[in-house]
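[1] No sequence on hand, only this structure:
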DNA sequence: TCATAAACGAACAAATTCGATCATATTCTA
DNA sequence: TAGAATATGATCGAATTTGTTCGTTTATGA
């Protein structure tokens, strides 16, 4: 067997991994004609770059077949404190008896956790994960409405069913999580179907509130949901740069720094 | 059989658990080619991480992944073997490329667990719990459509949104779980909204298959879903009494005893 | 209630795997 | 070509995993 370059070896390890679902250090060492130590080093670097997960004896794909959506927990941890602060500021806008809408997102997820004790609340969401929070709480004075549809990787129900459902509903306040916002691009998301669904959310709400941490500023996703001036309020973190805040204030009626 | 990594073993245990609803230490030890002690240790770590619940002799599915709905796990355990047999008989009716519908119920839940590997399958369901099974499997050739609506205590999405969604869809086969069936009452359920939703399911399907274990016979719920003769097939357990089977055969085109 | 068999888990032993470290070989750069 | 940087191999003690034994606990039927 000819000597393989390190990167070629990595390639081959990945291939074997995809083929068998798992690889063992000992088997790879023999297969590739290198020492076990080298294989371990390879696996370490590849694990560091996230292309596989090391386990005792070898490595597996990042599968995480049971705990689905590994990215979600990670995203939720990002800027967690800020998200919590934003959620606290947003929940102050809600009164018992209101109907609200929450699209799928980590910030709206955090907000949902603060809403379970509000009596006589109606919640419309396209996120099974958010709906689950309310189901678990089991507050019988609350009405949880899940839109239908097909689920995207970011836990959002989208598509014709979601649009049709949102077309039949009207809520007092929408809290909209977004992926990016810029002056030119407005509020954006990388997923076209989610953008469409979020637009339906906007139409269904009397008052539109975007919730987004400061890292979203300057980010542009593939699809625009709305222009900056098309929403009623923006709740974001207090570490937003002053110049940015000034720009936003010119476009948006109400800017809340949590 | 190549040696399995510890994590791969855990995955296999989970799969077996989802498939059968329960696992036994002795059976797993033989199946996986490891000692019983190792299986126990696996179950312990998996129980600690919350992915299953240990019981004497083996393990079962988590009572409730998100802690609510204590009745569901209990119902699932009831007549478990019969439900599994019914599910196996029902899954034989499904071909790759088909679109199927599953209403909310423990028998349809068991059936869903057997469907995750069928390629090119479209599944319509009003049960977030059933949808979750498919999400976790992450088979990208499958299309999972969740109807919208309000969730009942038995994990069914119902109401105008569910009806509207089902009005827009057409599937090849509906597998319908019911709460009771009698000659006079037909197929029934205790929840009026679920009855209405299930009727919408019936309308949306080219072929209607009721799945029900033998204990459902003689039970009458508050609301009728359909008369006995209004469905195309009934899959039920083989311990159904012969006289009952005879009566059913007179009304239903196809009676399958699993 | 008691007896019995199965299941359990603690403890120990054996085998395997891991990674830190150092020596050697190869490649890159000046 | 010399020297540096990098990649690889080898060694060995530590950590992990697995199997076995054996006393204890649990389930079940008489």
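    Great, that's in hand. Values in this document were obtained by computation on a predicted structure and should not be read as measured data.

[2] Residue A:187 in helix, strand or coil?
    Following DSSP: H, G, I helix; E, B strand; the rest coil, we place residue A:187 in the strand state.

[3] Beta-bridge partners for it, please?
    residue A:181, residue A:226 (DSSP bridges).

[4] Which positions are bridged to the spatially closest residue to residue A:105 that is not a sequence neighbour in the beta structure?
    Nearest-residue entry for residue A:105: residue A:177, 2.6 Å, with adjacent residues in sequence omitted and distances by C-beta to C-beta, 6 or more residues apart in numbering or on different chains. (Glycine included, C-beta is placed from N, CA and C.) Counting by DSSP bridges, residue A:177 forms beta bridges with residue A:211.

[5] What's the per-residue pLDDT of residue A:177 here?
    pLDDT, the model's per-residue confidence, is 97 for residue A:177.

[6] Does it touch residue A:112 like I think?
    No - in this structure residue A:177 lies outside contact range of residue A:112 using C-beta atoms under 8 Å: 10.7 Å.

[7] Overlap of the contact sets of those two?
    Residues touching both residue A:177 and residue A:112 by C-beta atoms under 8 Å, 6 or more residues apart in numbering or on different chains: residue A:102.

[8] Is there any residue in the helix or strand where residue A:133 lies that contacts chain B?
    Per DSSP states H and E: residue A:133 is located in helix A:128-137. Yes - with C-beta under 8 Å from any C-beta of the partner chain as the criterion, chain B is reached by helix A:128-137 at A:128, A:131, A:132, A:135, A:136.

[9] Give the burial count for the residue nearest to the first one when sequence neighbours are not counted, as a bare number.
    The spatial neighbour of residue A:128 that comes closest, neighbours along the chain excluded (C-beta to C-beta, 6+ apart), is residue B:128 at 5.4 Å. Around residue B:128 there are 20 other residues, counting by other C-beta atoms under 10 Å in any protein chain shown.

[10] same deal with the one 3 residues further on?
    In terms of burial, residue B:131 registers 24 neighbours under the definition other C-beta under 10 Å.

[11] My guess is it contacts residue A:150. True?
    No - using C-beta under 8 Å, residue B:131 makes no contact with residue A:150, being 9.9 Å away.

[12] list residues touching both of these two?
    With contacts taken as C-beta under 8 Å, 6+ apart, residue B:131 and residue A:150 have B:144, B:146 as neighbours in common.

[13] Residue ranges of each domain in chain A, please.
    Domain assignment of chain A by automatic domain parsing yields the ranges A:6-60, A:72-257.

[14] and the residue of the stretch 101-250 of chain A found nearest DNA strand D, how many neighbours does it have?
    With C-beta to the nearest atom of the strand, the shortest gap between the stretch 101-250 of chain A and DNA strand D falls at residue A:136, namely 28.1 Å. Residue neighbour count, defined by other C-beta under 10 Å, stands at 15 for residue A:136.

[15] go on, residue A:138?
    Residues lying near residue A:138 (other C-beta under 10 Å) number 12.

[16] residue boundaries of the strands in the stretch 51-200 of chain A?
    Applying DSSP state E, counting those that start in this stretch to the stretch 51-200 of chain A gives strands spanning A:53-55, A:58-60, A:99-102, A:122-125, A:143-146, A:149-151, A:157-158, A:171-177, A:180-182, A:186-189.

[17] returning to what we had before: pull out the buried residues from the helix holding residue A:133.
    Neighbour counts over helix A:128-137 (16 or more other C-beta atoms under 10 Å in any protein chain shown) mark A:128, A:129, A:130, A:131, A:132, A:133, A:134, A:135, A:137 as buried.

[18] Run the chain-centre distance for that helix.
    In terms of C-alpha atoms, centre = their mean, to the nearest Å, the centre of helix A:128-137 is set 16 Å apart from its chain centre.

[19] Next, the angle helix B:128-137 makes with that helix.
    Orientation of helix A:128-137 against helix B:128-137 (axes from the mean of the first three to the mean of the last three C-alpha atoms, to 10 degrees) gives an angle of 140 degrees.

[20] Identify all contacting residues around helix A:128-137.
    Defining contact as C-beta under 8 Å, 6+ apart, one finds that helix A:128-137 is touched by A:72, A:102, A:104, A:108-109, A:112-113, A:115-117, A:123, A:125, A:142, A:144, A:146, A:151, A:155, A:157, B:66-69, B:128, B:131-132, B:146, B:151.

[21] give me phi/psi at the closest residue to DNA strand C within the stretch 151-258 of chain A?
    Nearest to DNA strand C, among the residues of the stretch 151-258 of chain A, is residue A:153, at 30.1 Å (C-beta to the nearest atom of the strand). The phi/psi pair for residue A:153 (degrees, to the nearest 10) reads phi -60, psi -20.

[22] roughly how far apart are it and residue B:47?
    For residue A:153, the distance to residue B:47 (C-beta to C-beta, to the nearest Å) stands at 29 Å.

[23] how many neighbours does residue A:94 have?
    Neighbour count of residue A:94, defined by other C-beta under 10 Å: 19.

[24] re the thing from before, how about the buried residues of helix A:128-137, which pair is most distant?
    The two members of the buried residues of helix A:128-137 with the most space between them (C-beta to C-beta) are A:128 and A:137, at 15.3 Å.

[25] So which residues on chain A come close to chain B?
    Proximity of chain A to chain B, by C-beta under 8 Å from any C-beta, involves residues A:20-22, A:24, A:27, A:55-58, A:60, A:63, A:65-69, A:128, A:131-132, A:135-136, A:138, A:143-151, A:157, A:159-162, A:164-165, A:168.
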